[in-house]
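have a look at this prediction, sequence included:
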Amino acid sequence: MGELENQKQVISNQIYDELKAGILELRFPPGSSLSDRIISQQAGVSRTPVREALKRLAQEGWIVWQERKRAMVKPLVMEDVREIFFLREMIEPSAVAAVFEMGESRHLAGRLSLVSDSMKQSMDQPVVFMKEDMVFHSTIIRFLGNKRLEEIWNKIADESTRIALYALYEKRKPQDVVQEHEEFVEALWSRDLPLSLERLRRHHKGIFYAYEEKFRMDSERCGTV
(Lines give C-alpha, C1' and ligand atoms only; values in the text may rest on other atoms or scores of the structure.)
Protein backbone atom coordinates (compact mmCIF):
# COMPACT_ATOMS: atom_id res chain seq x y z
CA MET A 1 0.00 0.00 0.00
CA GLY A 2 2.82 2.34 0.85
CA GLU A 3 4.46 1.75 -2.52
CA LEU A 4 1.17 2.45 -4.32
CA GLU A 5 0.77 5.74 -2.47
CA ASN A 6 4.33 6.68 -3.35
CA GLN A 7 3.63 6.01 -7.02
CA LYS A 8 0.53 8.20 -6.88
CA GLN A 9 2.54 10.97 -5.27
CA VAL A 10 5.23 10.71 -7.94
CA ILE A 11 2.58 11.02 -10.66
CA SER A 12 0.97 13.99 -8.91
CA ASN A 13 4.36 15.71 -8.57
CA GLN A 14 5.11 15.15 -12.25
CA ILE A 15 1.77 16.65 -13.28
CA TYR A 16 2.31 19.57 -10.91
CA ASP A 17 5.76 20.25 -12.39
CA GLU A 18 4.41 20.09 -15.96
CA LEU A 19 1.45 22.35 -15.22
CA LYS A 20 3.54 24.88 -13.33
CA ALA A 21 6.11 25.00 -16.14
CA GLY A 22 3.26 25.55 -18.59
CA ILE A 23 1.94 28.43 -16.49
CA LEU A 24 5.34 30.08 -16.09
CA GLU A 25 6.15 29.72 -19.80
CA LEU A 26 2.67 30.97 -20.83
CA ARG A 27 1.74 27.74 -22.57
CA PHE A 28 -1.23 28.14 -20.23
CA PRO A 29 -1.80 31.92 -20.53
CA PRO A 30 -3.26 34.06 -17.73
CA GLY A 31 -7.01 33.54 -17.58
CA SER A 32 -6.99 30.25 -19.48
CA SER A 33 -8.87 27.17 -18.24
CA LEU A 34 -7.38 23.91 -17.00
CA SER A 35 -9.63 20.85 -17.22
CA ASP A 36 -8.80 18.01 -14.86
CA ARG A 37 -10.62 15.65 -17.24
CA ILE A 38 -8.57 16.69 -20.28
CA ILE A 39 -5.30 16.72 -18.34
CA SER A 40 -5.94 13.25 -16.96
CA GLN A 41 -6.78 11.94 -20.44
CA GLN A 42 -3.65 13.44 -21.96
CA ALA A 43 -1.46 12.11 -19.16
CA GLY A 44 -3.14 8.68 -19.17
CA VAL A 45 -3.88 8.80 -15.44
CA SER A 46 -6.92 9.07 -13.20
CA ARG A 47 -8.26 12.45 -12.12
CA THR A 48 -7.08 12.00 -8.54
CA PRO A 49 -3.39 12.90 -9.02
CA VAL A 50 -4.42 15.70 -11.38
CA ARG A 51 -6.72 17.18 -8.75
CA GLU A 52 -3.98 16.91 -6.14
CA ALA A 53 -1.65 18.82 -8.46
CA LEU A 54 -4.34 21.46 -9.10
CA LYS A 55 -4.96 21.80 -5.38
CA ARG A 56 -1.27 22.45 -4.79
CA LEU A 57 -1.16 25.03 -7.58
CA ALA A 58 -4.21 26.75 -6.11
CA GLN A 59 -2.64 26.84 -2.65
CA GLU A 60 0.46 28.46 -4.12
CA GLY A 61 -1.60 31.07 -5.96
CA TRP A 62 -0.94 29.97 -9.54
CA ILE A 63 -4.54 29.07 -10.33
CA VAL A 64 -8.01 29.88 -9.06
CA TRP A 65 -9.81 26.62 -8.42
CA GLN A 66 -12.34 24.85 -6.26
CA GLU A 67 -12.79 21.13 -6.62
CA ARG A 68 -15.51 20.14 -9.13
CA LYS A 69 -15.37 23.65 -10.61
CA ARG A 70 -13.43 25.20 -13.47
CA ALA A 71 -9.73 25.81 -12.81
CA MET A 72 -8.36 29.06 -14.23
CA VAL A 73 -4.78 30.26 -14.47
CA LYS A 74 -4.54 33.35 -12.28
CA PRO A 75 -4.76 36.51 -14.41
CA LEU A 76 -1.89 39.01 -14.32
CA VAL A 77 -2.55 42.60 -13.27
CA MET A 78 -0.29 45.59 -12.70
CA GLU A 79 -0.72 45.23 -8.95
CA ASP A 80 1.15 41.92 -9.19
CA VAL A 81 4.07 43.77 -10.79
CA ARG A 82 4.08 46.47 -8.11
CA GLU A 83 4.11 43.92 -5.31
CA ILE A 84 6.84 41.81 -6.90
CA PHE A 85 9.05 44.82 -7.57
CA PHE A 86 8.50 46.18 -4.09
CA LEU A 87 10.02 42.96 -2.81
CA ARG A 88 12.79 42.81 -5.42
CA GLU A 89 13.84 46.39 -4.75
CA MET A 90 14.20 45.54 -1.06
CA ILE A 91 15.94 42.21 -1.45
CA GLU A 92 18.38 42.55 -4.35
CA PRO A 93 20.18 45.77 -3.28
CA SER A 94 20.47 44.40 0.27
CA ALA A 95 21.97 41.19 -1.11
CA VAL A 96 24.49 43.16 -3.20
CA ALA A 97 25.49 45.23 -0.16
CA ALA A 98 25.97 42.02 1.83
CA VAL A 99 28.24 40.63 -0.89
CA PHE A 100 30.41 43.75 -0.65
CA GLU A 101 30.56 43.38 3.13
CA MET A 102 31.87 39.87 2.56
CA GLY A 103 34.53 41.28 0.22
CA GLU A 104 33.29 38.96 -2.54
CA SER A 105 32.06 41.35 -5.23
CA ARG A 106 34.57 40.09 -7.81
CA HIS A 107 33.73 36.48 -7.04
CA LEU A 108 30.06 37.26 -7.71
CA ALA A 109 31.02 39.19 -10.84
CA GLY A 110 32.71 36.09 -12.22
CA ARG A 111 29.61 33.97 -11.72
CA LEU A 112 27.34 36.58 -13.24
CA SER A 113 29.60 36.96 -16.28
CA LEU A 114 28.96 33.31 -17.13
CA VAL A 115 25.20 33.82 -16.95
CA SER A 116 25.46 36.96 -19.07
CA ASP A 117 27.33 34.97 -21.71
CA SER A 118 24.52 32.39 -21.73
CA MET A 119 21.97 35.17 -22.19
CA LYS A 120 23.80 36.40 -25.28
CA GLN A 121 23.43 32.96 -26.83
CA SER A 122 19.66 32.90 -26.31
CA MET A 123 18.54 36.40 -27.32
CA ASP A 124 16.35 34.97 -30.09
CA GLN A 125 14.66 32.49 -27.73
CA PRO A 126 12.27 34.42 -25.43
CA VAL A 127 11.57 31.63 -22.93
CA VAL A 128 15.20 30.61 -22.57
CA PHE A 129 16.37 34.23 -22.44
CA MET A 130 13.96 35.28 -19.70
CA LYS A 131 14.78 32.18 -17.68
CA GLU A 132 18.48 33.01 -17.96
CA ASP A 133 17.69 36.58 -16.93
CA MET A 134 16.13 35.27 -13.72
CA VAL A 135 19.11 32.94 -13.20
CA PHE A 136 21.26 36.08 -13.28
CA HIS A 137 19.27 37.76 -10.52
CA SER A 138 18.87 34.54 -8.53
CA THR A 139 22.64 34.06 -8.57
CA ILE A 140 22.97 37.26 -6.54
CA ILE A 141 20.59 35.95 -3.89
CA ARG A 142 21.98 32.40 -3.75
CA PHE A 143 25.54 33.68 -3.49
CA LEU A 144 24.78 34.58 0.14
CA GLY A 145 23.95 30.98 1.07
CA ASN A 146 20.93 32.06 3.14
CA LYS A 147 18.45 29.19 2.76
CA ARG A 148 15.48 31.04 4.28
CA LEU A 149 16.03 33.96 1.94
CA GLU A 150 16.26 31.55 -1.00
CA GLU A 151 12.89 30.02 -0.10
CA ILE A 152 11.31 33.47 -0.18
CA TRP A 153 13.14 34.40 -3.36
CA ASN A 154 12.15 31.27 -5.28
CA LYS A 155 8.47 32.32 -5.35
CA ILE A 156 9.42 35.85 -6.35
CA ALA A 157 11.65 34.49 -9.13
CA ASP A 158 8.90 32.23 -10.49
CA GLU A 159 6.37 35.04 -10.56
CA SER A 160 8.92 37.40 -12.11
CA THR A 161 9.58 34.89 -14.88
CA ARG A 162 5.89 34.56 -15.78
CA ILE A 163 5.37 38.34 -15.74
CA ALA A 164 8.52 38.89 -17.78
CA LEU A 165 7.47 36.47 -20.50
CA TYR A 166 4.04 38.08 -20.62
CA ALA A 167 5.07 41.72 -20.56
CA LEU A 168 8.80 42.30 -20.93
CA TYR A 169 10.37 40.49 -23.86
CA GLU A 170 8.39 42.34 -26.51
CA LYS A 171 8.87 45.73 -24.80
CA ARG A 172 12.64 45.67 -24.21
CA LYS A 173 15.41 44.66 -26.58
CA PRO A 174 17.34 41.63 -25.25
CA GLN A 175 20.64 43.31 -26.09
CA ASP A 176 19.67 46.25 -23.85
CA VAL A 177 18.97 43.89 -20.97
CA VAL A 178 22.31 42.16 -21.50
CA GLN A 179 24.12 45.50 -21.62
CA GLU A 180 22.56 46.60 -18.33
CA HIS A 181 23.64 43.34 -16.75
CA GLU A 182 27.18 43.77 -18.05
CA GLU A 183 27.38 47.31 -16.71
CA PHE A 184 26.29 46.04 -13.31
CA VAL A 185 28.93 43.31 -13.46
CA GLU A 186 31.59 45.90 -14.36
CA ALA A 187 30.71 47.84 -11.22
CA LEU A 188 31.14 44.66 -9.19
CA TRP A 189 34.55 44.07 -10.76
CA SER A 190 35.48 47.66 -9.83
CA ARG A 191 34.43 47.02 -6.23
CA ASP A 192 32.25 50.11 -6.40
CA LEU A 193 29.19 49.56 -4.21
CA PRO A 194 27.39 52.88 -4.91
CA LEU A 195 27.80 52.39 -8.67
CA SER A 196 26.65 48.76 -8.42
CA LEU A 197 23.50 49.80 -6.57
CA GLU A 198 22.83 52.68 -8.97
CA ARG A 199 23.09 50.39 -11.99
CA LEU A 200 20.90 47.76 -10.37
CA ARG A 201 18.24 50.35 -9.54
CA ARG A 202 18.41 51.74 -13.09
CA HIS A 203 17.93 48.21 -14.43
CA HIS A 204 14.92 47.67 -12.14
CA LYS A 205 13.42 50.99 -13.23
CA GLY A 206 13.75 50.14 -16.91
CA ILE A 207 12.05 46.80 -16.38
CA PHE A 208 9.24 48.31 -14.31
CA TYR A 209 8.53 51.01 -16.89
CA ALA A 210 8.33 48.34 -19.61
CA TYR A 211 5.82 46.42 -17.52
CA GLU A 212 3.75 49.55 -16.96
CA GLU A 213 3.67 50.26 -20.68
CA LYS A 214 2.62 46.72 -21.55
CA PHE A 215 -0.21 46.63 -18.99
CA ARG A 216 -1.35 50.13 -19.98
CA MET A 217 -1.57 49.10 -23.62
CA ASP A 218 -3.48 45.94 -22.70
CA SER A 219 -5.92 47.97 -20.60
CA GLU A 220 -6.50 50.44 -23.42
CA ARG A 221 -7.01 47.61 -25.89
CA CYS A 222 -9.62 46.07 -23.58
CA GLY A 223 -11.25 49.45 -22.95
CA THR A 224 -10.66 49.36 -19.19
CA VAL A 225 -8.99 52.77 -18.93
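Done, it's in.

contacts, neighbours, all on C-alpha from now
Noted.

quick check, M72 in a helix?
No. Counting by DSSP: H, G, I helix; E, B strand; the rest coil, M72 is not part of a helix but strand.

how about it, what does it touch?
M72 is in contact with 30-34, 63-65, counting by CA atoms under 8 Å, 6 or more residues apart in numbering.

could you rerun that using 7 Å?
Neighbour list for M72: 31-34, 63-65 [criterion: CA atoms under 7 Å, 6 or more residues apart in numbering].

which of these fall in strands?
With strands taken from DSSP state E, the overlap with the contacts of M72 comprises 33-34, 63-64.

so which of these wins on neighbours?
I63 (24 neighbours; other CA atoms under 10 Å).

can you put the ones in strands among the contacts of M72 in a markdown table and add distance to Q7?
Below are the ones in strands among the contacts of M72 laid out as a markdown table (distance: CA to CA, whole Å):
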| residue | distance to Q7 |
| --- | --- |
| S33 | 27 |
| L34 | 23 |
| I63 | 25 |
| V64 | 27 |
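
now do the buried residues in stretch 206-221.
Within stretch 206-221, the residues that count as buried by 16 or more other CA atoms under 10 Å are 207-208, 210-212, 214-215.

correction: the previous question concerned stretch 124-132.
126-132.

check stretch 182-194 too.
For stretch 182-194, burial by neighbour count (16+ other CA under 10 Å) applies to 182-189, 191, 193.

tell me which residues in stretch 154-174 are buried?
Using 16+ other CA under 10 Å as the test for burial, stretch 154-174 gives 156-169, 174.

sorry, wrong one. I was asking about stretch 74-86.
In terms of neighbour count (16+ other CA under 10 Å), stretch 74-86 has its buried residues at 74, 76, 81, 84-85.

helices of this protein, start to end?
With helices called from DSSP state H, the chain shows them at 2-24, 36-43, 47-59, 78-101, 105-120, 126-142, 147-167, 174-189, 193-222.
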